[in-house]
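>>> this one's sequence-less:
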């Protein structure tokens, strides 16, 4: 059979195996993190967060149509888009490996024999199928996320340059270069990671096209590739829109024409110039100029998917991040300007002080008839800066204190100790490169302990890598060894890939260098460019999947390396069969067996149901304030796609400081009426009331929130303070707020039942907790002042205390939300966050909640097993306590049994274990000793397991002792012993007491630390 036919058939076989794998393990509904937003934006063609993913949204829309009107099936089919894209990526990886293997084995002008063909195919199968089952790639392959399609773009362009390489001497070979340019342009509408293939692609072109290959010329070619990357990233992608914006500014503000006119003229001139250049290159027979201009043209063709963004923004979709309906806003949107700039080559250390600021120009926004100034671009000037600032953070950052604390903790710096350049480099290599890249690499090719977050420690097992070879002597906790994500790979994929890389460099240095460039630019280069400054909201391994893709190529070539060694003793045929069988079992099969259980999401619907529970916890027509990401994106999906509770208005507090978002909240959305925000747009638009500082006016007592709001929004000069710059701004005169309560309004609007009227306070009084007022705070004041109890105000229970406006004394749990109710302050409540409106909460939680198949799911991700499992424990625990307090012991017992019926008895960490103890103690109080004993015994197993492991570390003077787990674990044993004793379980209590004494003795040495 011909080489080409075999190569094609086996490539499609790899596609089939990978696609079937991903479809079998596909998440059937929405996943956590960005997936809910992506599905919502795809289904209704809306505008997602910066920098926009228009092509991804349009492709997602096409796949969503396969649901045939069943809204609940939309995520399944958009998830399948990722599965198919990932399967195709594996197919192109196979063809990439075989192309490189063919170059290794083929002799000039010689036809490959069947034995060499078999060895090439063996390399392709092992490398491609190994990558199929790697942790990071598989994770993105089964959910609606941009990284699956982005990986496909990377695979296609790298395969295409190898096709060009194989046919470079033919007349029409440069069509492959043009195809690459088009896919690069398209990929910008999915994710920017694909651009990082440009240096490797350029070096393939250099090695193939140029005859005089020298170190000097190679360096020039490499630097040229960086210039091309910069031109595409900053020139075509960024400055095209920038120049269009200024052209529009001239036509609108200077010539009095309509918005968009200048941008239209600019694009006509741009494309006309490219067309003229192509015509000129043909007429004058300039092939290189022709190729360059064709590539630019096709990049623009692909990039044109971004026309979607202003078109859909102008349609005022429900989700319309930043409302980029004009060139200026679109430029800011594309460049993520709202997130601030990251210093790369020069900038401040975390201890640098801002001593001055300088203006860089005006910020413009779209007005009624022309572009208006919306503020100044400012650059801070610091008292000292450094080259390559890695430990960067300034006092203007809201997470400044948290970041500084982590820097000091990581580097063991004393308080007051100034960072040095050596500290800076140590941070870069130990945290940014090792902890936030190499650790991820080792997850995929050496092995992994579990799915927990491991950013904060190199010694802790949670989130760390392991080969598994020495795990037998580490006395690891059972929670690790029995976990679904414990995947020791014995470093076999890493060893085979490393073997392949060494072999490749020895046999084909130029090709190996190209793979090394791909590996570096899609890995370490991202680390250096992104310059992460402290703990991330989640693990970031998905960003580096291109680097792992490159290493998988070397895994495939490792098969050839082993066969070449074996040929010293056996025939090529035997060596091929043996190396293929050995490598297939040792790498792809091992990966599939070890990783399957940690990636099979086919039985999990946690993200969907937790969002459903938020919505079902809300009263009718509620306004629900959320935080971000996992508090919001799944909610958007449930509401925008499945139409669950369209009467609830979701307000994401991390977006509420944007004038565009407040303006959107003043309009109708789905079945939700506009929010009671009375403020005119001109009073809060960008550049107006961005921040107003507290200036104590010594006002006695509390002031009505409406009066404070009117003071802050007044244009009267007497309501403003003059600052050193000479600027006059509104200020906050008091932090003591009051809202007078009309009891009839509260009852008539259904906030409470009539029998609860006696519990109402005549006025709510509270203290504002910040020293300044931003737009989100101002909008919240507006709502409080003018809502008049017509719409319920709710906050998600997972929201941080700082986001609740100081209203905690009046917030009552009714499920997964706190409901603002003006009851008299409950001074008996030790923990204000645990107060409940018990009967309403019981109906919501016991009768309405869904449970995501928690108890029977084959796999629970980190968010499900920690954040939301803990939330469930808190919810049921507080509900039971609230019911008992209100005299409903029978309902409290039913609630606890509902938790036991629907939720698995797991203890992922010490925090979930602590709250499980509270459930056990509640069961004892309700005279259910069987349930109490069940949870206590489960807790005892978990706690002693954790303490035994930490004692092993202590005995052997090893790093990684978790002092917090030890302290809380011992406290839990003490509490469990007392609780079981007081509940009439002496045998269990004695057992726990004996364990307590034993561990107190074992860890006595830690008390002196």
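That came through fine. As the structure is a prediction and not an experimental result, all values here were calculated from the model.
>>> And the helices in the stretch 151-300 of the chain, which stretches?
175-188, 198-209, 215-230, 240-249, 261-283, 287-303 (DSSP state H, counting those that start in this stretch).
>>> And the contacts of the first one?
Under the contact criterion CB atoms under 8 Å, 6 or more residues apart in numbering, helix 175-188 has outside partners 55, 150, 153-154, 156-157, 160-161, 163-164, 167, 193-195, 197-198, 201, 205, 232, 237, 291, 294-296, 298-306. Glycine gets a C-beta too; all of them are placed from N, C-alpha and C.
>>> I'd like to know which of the helices of the stretch 151-300 of the chain is closest to residue 788.
helix 240-249 (42.7 Å; CB to CB).
>>> Return the set of buried residues in the closest one.
240, 241, 242, 243, 244, 245, 246, 247, 248, 249 (16 or more other CB atoms under 10 Å).
>>> got those residues as TSV, with distance to residue 126 and pLDDT columns?
Below are the buried residues of helix 240-249 laid out as TSV (distance: CB to CB, whole Å; pLDDT from 0 to 100):
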residue	distance to residue 126	pLDDT
240	43	95
241	44	94
242	47	94
243	49	95
244	49	95
245	51	94
246	54	94
247	54	95
248	54	95
249	57	93
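>>> Could I get those in CSV, plus columns for distance to residue 735?
As requested, the buried residues of helix 240-249 are exported to CSV (distance: CB to CB, whole Å):
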residue, distance to residue 735
240, 48
241, 43
242, 42
243, 47
244, 46
245, 41
246, 44
247, 48
248, 44
249, 42
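>>> how about those, which pair is most distant?
So, the buried residues of helix 240-249 by CB to CB: farthest apart are 240 and 249, at 15.2 Å.
>>> In the sheet, which strands lie alongside the helix or strand in which residue 765 is found, parallel or antiparallel?
Using DSSP states H and E, residue 765 maps to strand 763-767. Strand 763-767 pairs in its sheet with strand 736-740 (antiparallel), by DSSP bridges.
>>> Name the residues that touch the strand it pairs with?
699, 701-705, 708, 762-768, 784-785, 806, 822.
>>> Can you select the buried ones from those residues in ChimeraX?
A single ChimeraX command is used to select the members of the contacts of strand 736-740 judged buried by 16+ other CB under 10 Å:
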select :702,703,705,708,764,765,766,768,784,785,822
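>>> so after the longest helix belonging to the chain, what's the next helix or strand?
Secondary structure assigned by DSSP state H gives helix 74-105 as the longest helix of the chain. Downstream of helix 74-105, the first helix or strand assigned by DSSP H and E is helix 114-132.
>>> Now do the buried residues in that next one.
Buried residues in helix 114-132 (16+ other CB under 10 Å): 115-132.
>>> With stretch 409-429 instead?
Within stretch 409-429, the residues that count as buried by 16+ other CB under 10 Å are 410, 411, 413, 419, 423, 424, 426, 427, 428.
>>> how about the nearest residue to the fifth one, chain neighbours excluded?
The reference is to residue 423. residue 411 (5.6 Å; CB to CB, 6 or more residues apart in numbering).
>>> Next, the contact list for that neighbour, please.
419, 423, 426, 427.
>>> And residue 584, by the same measure?
125, 126, 129.
>>> how about a cut-off of 7 Å?
residue 126 (CB atoms under 7 Å, 6 or more residues apart in numbering).
>>> Secondary structure element holding it?
Assigned by DSSP H and E, residue 584 falls in helix 572-584.
>>> tilt between that helix and helix 114-132?
0 degrees (axes from the mean of the first three to the mean of the last three CA atoms, to 10 degrees).
>>> Next SSE downstream of helix 572-584?
Helix 572-584 is succeeded, C-terminally, by helix 590-595 (DSSP H and E).
>>> Could you list every helix and strand in contact with that following helix?
When contacts are defined as 3 or more CB pairs under 7 Å, 6 or more residues apart in numbering; DSSP states H and E, helix 590-595 packs onto strand 487-488.
>>> Since that was my last question, I'll sign off now.
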